[in-house]
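Trainee: Sequence first, predicted coordinates after that:
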Amino acid sequence: MGTRPRRPALIPPAGSSRSAVTHGSVSPVFPTVREVLALVPVRHGAPRLVAGDAGLDRPVRWVHVAEVPDIATLLGGGELVLTTGIGLPADDAGLRAFVGELADVGVSGLVVELGRRYISGVPRVMAAVAERRGLPLVELRRATPFVRITEAVHALIVDAQLTELRATEEIHQRFTELSVEGAGAAEVVRQAAELSGCPVVLENLSRQVLAYDPAGQSAELLLDGWEQHSRRIRPAGRTAYDPDSGWLVTTVGARGQDWGRLLLRWPAGGELTTGRAPAVDDVDFDPEIAPADVAPADSTADGDRDDQTASGRAAGAHATGVGTLPSRLTILIERAASTLALGRLIRRDAEGLERQIHRTLLTALLDHSRPVDEVALRAKALGVPLDRRHLVGVVVRYRADDPAGESAAPGVDAGPEAGPARLRDLAEAVGQALREAKLTGLTSAVDDHAVGALLALADPAAEEKALAAFAAALRRVRLDAAPARPPAPRSASRPVDAATRPVVVAPRVPDGSTRSALSGASRAPGPAAVIIAAGSGVGSLREAGRSLVEARQIAEAARRDRRDLAIFRLPHVGLAGLLHLLRDEPRLQIFVERELGALLAYDARHPREQLLDTLRAYLENGRNKSAAAVAAHLSRPAFYERLARIGRILDVDLDSVQACLSLHVALLALDAVRTP
């Protein structure tokens, strides 16, 4: 699927202004006291903060107008109380009780309009209690219709709730689309980062990064020392916010089959719940009395009363905390995790996410589709450091491309899934061999027939030892083991190359190893069915692609080599390797057509004869006609007659060393040209 264009985040970073609330950039659902005081109807009343600046960031759930002293019993917490004070007690004890009860039930703030009961200002005793309890106390120095304030605040709350609803609907719609489209993990993570505007990381249970999106921030800083950092993030519950680290975390996978964690970093971190409110001067109105100027209580009874209501203060702080994690974030991360889990179930028979990323990175090194620095960063996050390492490209492949030619046993049908399944088995075996040899590297299929590995070694001097250990480990998993069985009948008209001898891949057993399917099975004679080729070691990731390409070319060139070498290197393939490097050269292709074109045309008209195979058997047996006839499963007279026919078609003397050398080179070049 294509990459979606970036859209504005539904959840802006914490601390962003709410002045654009009507434009959709809302953070929590409810406005804060600070934001209410900045509204036009409130500013019209010339507000002045008298006390309680520590509570300015409390959320306002509702606005309530009250003129009686026992209003606290009718409140549920989170209200902003408006009053003219005409019904408040006249004595200090009554005022202390009134403010204390409001604080106990967890109201967000108290706004008193001057002019009817209090002319120059609220009583100092009210300010003293409000300051100690952290309850914002505000004076309105001009007459203001309370209905305008309630309308403005309630409209703000309703608008925020509608925005929250729309955002939640878009989250569900976006991730439903991703589920239907079968989006990969990288796209799901990208969409989560886009919707939240926050960095998002998907990791496996070993704390290795499977996918990430830094949301415009530094990827290096995000992933540096990720495993250690991730292990310190230990939220309680399946989905929870860790305020100490600032990460919202949810588990990915069905219960009992969890395979990873999805983490989203909320920028405010622990300040969401523990940070102190900004200074009063940061509020967008004109405070004339700073909280420090409020006189202390004139009675020790106030202190006694405050001590008696400590538990009430704690409850009020909980109900009117500095801020809360937007519920939208929790919905978003859980929907993203569900989409990832569903995609994993749909693709449960395909490669694991780790292997997919390995393949992405190896492919990027081969075709230069991604910057080298990005490949190094992603590999390091996956637990495979490639910087400052000696790198060796390795390619493992079967000698024969056709799985039908390597049936496990008579009667086994090599269907259309045989090729991919065989390649997956090979990829799993290579990965297991790396683990057994205690080597670090990237490994995955690099094409339809081969598995590549990029070994990362700390010491260049350990290259040969590491390759030998890998080859030995791969042989131990017995990918090239074959049970002894009677040879299949061969056509009398077509020789079979020993390099394409049918071979059985042994089934896996519960302990993870691969063993021969038959007890006491013996290895089939001749070269192994699996070729291991290694390129030249390099000291830089920028050169790693060259080592991988070289290994792949060596593996292709070695397919017809009869030697059973543990590791094929460039010197082992000689001329075949050179021709493979030149296979795209037009002059080489012209040479092949000039030398073999007539014979290829004859075989195309007479498909039952295939004289090219006869010529190959003759040249590969050193022009020994008797040995070549045996290899071709032909009688000597029949073989001689075929050689004579080949000489006439090509107009060459097959007893000439020079002519045969040219034909042999052309055959090797033809094999290289035909190799995908």
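Mentor: The structure has been received and is ready for your questions.
Trainee: In this structure, where's the longest helix?
Mentor: Identified as the longest helix of the chain according to DSSP state H is helix 146-181.
Trainee: So which elements touch it?
Mentor: Here helix 146-181 is seen to pack against helix 33-37, helix 40-44, strand 62-65, strand 79-83, helix 185-196, helix 327-346 when contacts are counted using 3 or more CB pairs under 8 Å, 6 or more residues apart in numbering; DSSP states H and E. Placement of C-beta: from N, CA and C, glycine included.
Trainee: which of the ones you listed sits most buried?
Mentor: Highest mean neighbour count among those (mean count of other CB atoms under 10 Å): helix 33-37, with a mean of 25.
Trainee: circling back to that earlier point, give me the angle between the longest helix of the chain and strand 79-83.
Mentor: 170 degrees (axes from the mean of the first three to the mean of the last three CA atoms, to 10 degrees).
Trainee: Columns mean pLDDT on top of the helices and strands packed on helix 146-181, output as TSV?
Mentor: Below are those laid out as TSV (pLDDT from 0 to 100):
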stretch	mean pLDDT
helix 33-37	90
helix 40-44	89
strand 62-65	88
strand 79-83	92
helix 185-196	90
helix 327-346	85
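Trainee: for the ones you listed, which one sits closest to K465?
Mentor: The closest of the helices and strands packed on helix 146-181 to K465 is helix 185-196. By CB to CB, the value is 36.2 Å.
Trainee: Alpha carbons of that closest one, as PDB, please.
Mentor: C-alpha atoms of helix 185-196 as PDB (Å, rounded to 0.1, in the frame of the first residue of the first chain):
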ATOM      1  CA  ALA A 185       3.600  -2.700  11.300                       C
ATOM      2  CA  ALA A 186       5.600   0.300  10.000                       C
ATOM      3  CA  GLU A 187       2.500   1.900   8.500                       C
ATOM      4  CA  VAL A 188       0.400   1.300  11.600                       C
ATOM      5  CA  VAL A 189       3.100   2.900  13.800                       C
ATOM      6  CA  ARG A 190       3.400   5.800  11.400                       C
ATOM      7  CA  GLN A 191      -0.300   6.400  11.500                       C
ATOM      8  CA  ALA A 192      -0.300   6.300  15.300                       C
ATOM      9  CA  ALA A 193       2.500   8.900  15.400                       C
ATOM     10  CA  GLU A 194       0.700  11.100  12.900                       C
ATOM     11  CA  LEU A 195      -2.600  11.000  14.800                       C
ATOM     12  CA  SER A 196      -1.100  11.700  18.200                       C
END
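Trainee: What average pLDDT does the helix or strand following that helix get?
Mentor: Scanning forward in sequence from helix 185-196 by DSSP states H and E, the next helix or strand is strand 200-204. For strand 200-204, mean pLDDT is 93.
Trainee: what are the pairing partners of whichever helix or strand comes after strand 200-204, and which direction each?
Mentor: Tracing the chain past strand 200-204, the next element assigned as helix or strand by DSSP H and E is strand 209-213. As defined by DSSP bridges, the strand partners of strand 209-213 come to strand 200-204 (antiparallel).
Trainee: neighbouring contacts of the strand it pairs with?
Mentor: 185, 188-189, 192-193, 209-213, 215, 222-223, 226, 230, 252, 259-265, 333, 336, 340, 353-354 (CB atoms under 8 Å, 6 or more residues apart in numbering).
Trainee: Thought V372 was touching R542, still the case?
Mentor: Yes - R542 is within contact range of V372, at 5.2 Å (criterion: CB atoms under 8 Å).
Trainee: neighbour count winner among these two?
Mentor: V372 (18 against 15; other CB atoms under 10 Å).
Trainee: Please identify the buried residues of stretch 595-602?
Mentor: Buried residues in stretch 595-602, counted by 16 or more other CB atoms under 10 Å: E595, L596, A598, L599, Y602.
Trainee: Appreciated, that's everything.
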